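*Asks:* test case, fold it:
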Amino acid sequence: LRQFLNNILLLMCNHLHALHGFVATMSDDEWQLEAAYGPAAPALNFLTAHNLAQLLLLLQKEAPREAHSFHQFDGFWIAPLFAPERQLVIGLLGIAIPPEAPPLDEEVYRFLEPLLLKAEAAVQDRYLQWGIFAIVQDLMPTIAQLQQTHGLGQHITLESGSSGVMPASLRQQDMIKLVH
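*Replies:* Have a look, this model is predicted:
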């Protein structure tokens, strides 16, 4: 993911003649630098110097949800990266505004928008992966318990000391109890 986002930032920054750019995502209620083009220090400084919760509220109010847009903020062009339903900002893409840069025009937007969509899709995929991993992690104790029950419950020792296979109905009942 990082390499993919770095490539997107490289294309954007080269097109805009910018020296650096970044993609940041929210993780455990704090922003983390996901990718950077150029030195990471300006991006890290930006992320630590601003109340990003307030910036997100501003971007969510200003940014039309049906279109992607960049906003000038403290020396950067900032674009929100939305979740699929477009109600929640899940990331930020920032490009340093070069000195004497002209305003972004329609031609530039036509170049940037597909790249911004790809960056947004990549961040959405990351959130989907995190969600899946969280679900699997929550299920791991149950899976381990099922595997243990399955492995130990195949054979039982009968009272006479001989070994036999556990009846399927008994195994089913145990599994139902385990699941509940």
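
*Asks:* buried ones in stretch 9-29?
*Replies:* Residues of stretch 9-29 classed as buried by neighbour count (16 or more other C-beta atoms under 10 Å): 9, 11-13, 16, 18, 20-26. Every residue, glycine included, has its C-beta placed from N, CA and C.

*Asks:* can you lay out these as JSON lines showing distance to Pro141?
*Replies:* Formatted as JSON lines, the entries for the buried residues of stretch 9-29 read as follows, by distance: C-beta to C-beta, whole Å:
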{"residue": "Leu9", "distance to Pro141": "40"}
{"residue": "Leu11", "distance to Pro141": "44"}
{"residue": "Met12", "distance to Pro141": "44"}
{"residue": "Cys13", "distance to Pro141": "45"}
{"residue": "Leu16", "distance to Pro141": "49"}
{"residue": "Ala18", "distance to Pro141": "48"}
{"residue": "His20", "distance to Pro141": "44"}
{"residue": "Gly21", "distance to Pro141": "42"}
{"residue": "Phe22", "distance to Pro141": "38"}
{"residue": "Val23", "distance to Pro141": "34"}
{"residue": "Ala24", "distance to Pro141": "33"}
{"residue": "Thr25", "distance to Pro141": "28"}
{"residue": "Met26", "distance to Pro141": "27"}
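
*Asks:* widest-spaced pair of those residues?
*Replies:* Maximum pairwise distance in the buried residues of stretch 9-29, criterion C-beta to C-beta, is 25.0 Å, between Leu16 and Met26.

*Asks:* how many neighbours does the closest residue to Phe82 other than its chain neighbours have?
*Replies:* Excluding the flanking residues, the one nearest Phe82 by C-beta to C-beta, 6 or more residues apart in numbering is Val89, at 6.0 Å. A count of neighbours around Val89, defined by other C-beta atoms under 10 Å, yields 19.

*Asks:* what pLDDT does the model give Val89?
*Replies:* Turning to Val89, the model gives it a pLDDT of 82.

*Asks:* how near is it to Leu112?
*Replies:* Distance of Val89 to Leu112, given as C-beta to C-beta, to the nearest Å: 18 Å.

*Asks:* one more: Asn6?
*Replies:* Using C-beta to C-beta, Asn6 is found at 16 Å from Leu112.

*Asks:* comparing the two, which residue is more hemmed in?
*Replies:* For Asn6 against Leu112, the residue with the higher neighbour count under other C-beta under 10 Å is Leu112, and the figures read 24 against 17.

*Asks:* how many neighbours does Arg2 have?
*Replies:* When neighbours are defined as other C-beta under 10 Å, Arg2 has 12 of them.

*Asks:* using CSV, list the CA coordinates for the stretch of helix or strand Met12 belongs to.
*Replies:* Taking DSSP states H and E as the criterion, the element that holds Met12 is helix 2-16. Presented in CSV, the C-alpha positions along helix 2-16 are these (Å, rounded to 0.1, in the frame of the first residue of the first chain):
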residue,chain,number,x,y,z
ARG,A,2,2.7,2.4,1.0
GLN,A,3,4.5,1.9,-2.4
PHE,A,4,1.3,2.4,-4.3
LEU,A,5,0.5,5.6,-2.4
ASN,A,6,4.1,6.8,-2.9
ASN,A,7,3.8,6.3,-6.6
ILE,A,8,0.5,8.3,-6.7
LEU,A,9,2.2,11.1,-4.7
LEU,A,10,5.2,11.1,-7.0
LEU,A,11,2.9,11.6,-10.0
MET,A,12,0.9,14.3,-8.3
CYS,A,13,3.9,16.2,-7.0
ASN,A,14,5.8,16.0,-10.3
HIS,A,15,2.8,17.3,-12.1
LEU,A,16,2.4,20.2,-9.7
